[in-house]
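Chemist: Fold the following, please.
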Amino acid sequence: ATVASLAARYVAHSARNAGNREAHETKGSNDERSVRATEAEKAVPHIFERDRRKPTSTPKLVGGLSACAAGDIATARRLVAAGIWLPRYAVDKHGNTALMWAAGAGHVQLVRWLIKEQSA
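Modeler: Here you go, the predicted model:
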């Protein structure tokens, strides 16, 4: 599957869940709604990645590509600052990069950060 098709599925799934969540939220209290919103924010896709400089390396769940797919710029910055993740070398099993994941999911701020701060 391509990044575009995966991103489209992810967006469609998120939209369906948002509609269901809104329907249920009208029945609950404000506290219940905030708990559900917090749980939804924690729902991040788990994307295994490897360093493209080492084609035979085993894909691992580092969290960088997952953060890009979810639009979590704070996590992406934290991983880079800790030296755990290098966005310019991270790819998934299909060769999709952090920039592809962020752009495919429509996360403009993250795309700008990847281009400006992480270009070699």
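
Chemist: And the strands in the protein, which stretches?
Modeler: 50-51, 90-91 (DSSP state E).

Chemist: Compare the ones you listed and give me the one nearest residue 98.
Modeler: Closest of the strands of the chain to residue 98 is strand 90-91, at 5.4 Å (criterion: CB to CB). Where you see a C-beta, it was placed from the backbone N, CA and C, and this is true even at glycine.

Chemist: Show me what that closest one packs onto, helices and strands only.
Modeler: strand 50-51 (3 or more CB pairs under 8 Å, 6 or more residues apart in numbering; DSSP states H and E).

Chemist: what lines up beside the strand it packs on in the sheet?
Modeler: Sheet pairing here is set by DSSP bridges, and for strand 50-51 it gives strand 90-91 (antiparallel).

Chemist: wait, isn't residue 71 in contact with residue 104?
Modeler: No - the pair residue 71 and residue 104 fails to qualify as a contact (CB atoms under 8 Å) at a distance of 11.1 Å.

Chemist: sorry, back to before: give me whichever of the strands of the chain is most buried.
Modeler: Across the strands of the chain, the average number of neighbours (mean count of other CB atoms under 10 Å) peaks for strand 90-91, which reaches a mean of 20.

Chemist: is it true that residue 66 touches residue 48?
Modeler: No - with contacts counted by CB under 8 Å, residue 66 stays clear of residue 48, the gap being 9.1 Å.

Chemist: higher neighbour count, residue 71 and residue 104?
Modeler: Taking neighbours as other CB atoms under 10 Å, residue 71 and residue 104 compare with residue 104 leading, 21 against 18.

Chemist: just to revisit the earlier point, out of the strands of the chain, nearest to residue 60?
Modeler: Of the strands of the chain, nearest to residue 60 by CB to CB is strand 50-51, at 6.9 Å.

Chemist: one step back: overlap in contacts of residue 66 and residue 48?
Modeler: When contacts are counted by CB atoms under 8 Å, 6 or more residues apart in numbering, residue 66 and residue 48 have no shared neighbour.
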